[in-house]
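Engineer: Would you be able to build a 3D model of this:
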Amino acid sequence: MNMFKPFLPYLVICLSIGVSLLFFFDKPSKENKLKGSLDIQDNLSSQADDRTLFWDIYPELILPNEGKTLNKDLSLTDINESNITLSNLFDKSSDSILIFRFSNFDCDLCLRKTLPILMDFFKDNSNKVNLIVDGMLPKEYRIKFKELKIPFPVYFLNDQNLQLSLENKNIPFFFILDREHYKTHKIFTPSKDYPQHTQTYLRNIKQSLYD
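Structural biologist: The predicted model follows:
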């Protein structure tokens, strides 16, 4: 036993270093687990908030506007600042069109996330989509969205809006408008956080427009 006495201080030092290293490497692992747990909680919280927002919006704003008849003589201004009416939005081949309604005061990031998706889905069928905008002049629209090169016809509201309660809530939204009754159908509010939902909606709408 006496022969090991000279090595005891070294053994103690090595054991101390070993324990320290185990503690050092174990600590980040625990921190990572804690961080992962917090990330999951944040994600679930975000999903819960989104579901809550949906159920807050849907009964109060979506349902009352579904099937609402719009005024076909509503005054609009086109990109060239010519006055037209809502009925002029339809070409001879279209019984229904997709409207993307937004305002200059809506969430800008939402618009910049949604418009490219819309352009991608209807790049070969731009005549099926119309934009209806308020809060900006044609010149301001051209400047604001110049880099996007939006192919869709855009119209600007004049004195009145569409008389939908979903308007002026800082929420852009889609809907189908039919030529026969000028009624709104299939209203949808896109979210910047869930572009896949917008893609699914547009995929279904595109198919319905050609059925």
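
Engineer: where do the helices sit along this structure?
Structural biologist: Using DSSP state H, the helices assigned to the chain run over residues 8-57, 63-65, 108-121, 138-144, 195-209.

Engineer: List the contacts of H185.
Structural biologist: E66, G67, S96, F175, I176, L177, D178 (C-beta atoms under 8 Å, 6 or more residues apart in numbering). Glycine gets a C-beta too; all of them are placed from N, C-alpha and C.

Engineer: ok, it to N83 distance?
Structural biologist: 27 Å (C-beta to C-beta, to the nearest Å).

Engineer: any idea how far Y155 is from K146?
Structural biologist: 18 Å.

Engineer: Show me what the mean pLDDT comes to for the longest strand seen in the chain.
Structural biologist: In the chain, taking DSSP state E as the definition, the longest strand is strand 96-103. Average pLDDT, strand 96-103: 97.

Engineer: What pairs with it, parallel or antiparallel?
Structural biologist: Here strand 96-103 has these sheet partners by DSSP bridges: strand 129-134 (parallel), strand 173-178 (antiparallel).

Engineer: Same list (those strands) but as CSV, adding distance to R101, mean neighbour count and mean pLDDT.
Structural biologist: Below are the strands paired with strand 96-103 laid out as CSV (distance: least, C-beta to C-beta, whole Å; neighbours: other C-beta atoms under 10 Å; pLDDT from 0 to 100):
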stretch, distance to R101, mean neighbour count, mean pLDDT
strand 129-134, 5, 22, 97
strand 173-178, 6, 20, 97
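
Engineer: Let's have these in TSV, adding distance to P195.
Structural biologist: TSV is the format used below for those (distance: least, C-beta to C-beta, whole Å):
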stretch	distance to P195
strand 129-134	17
strand 173-178	14
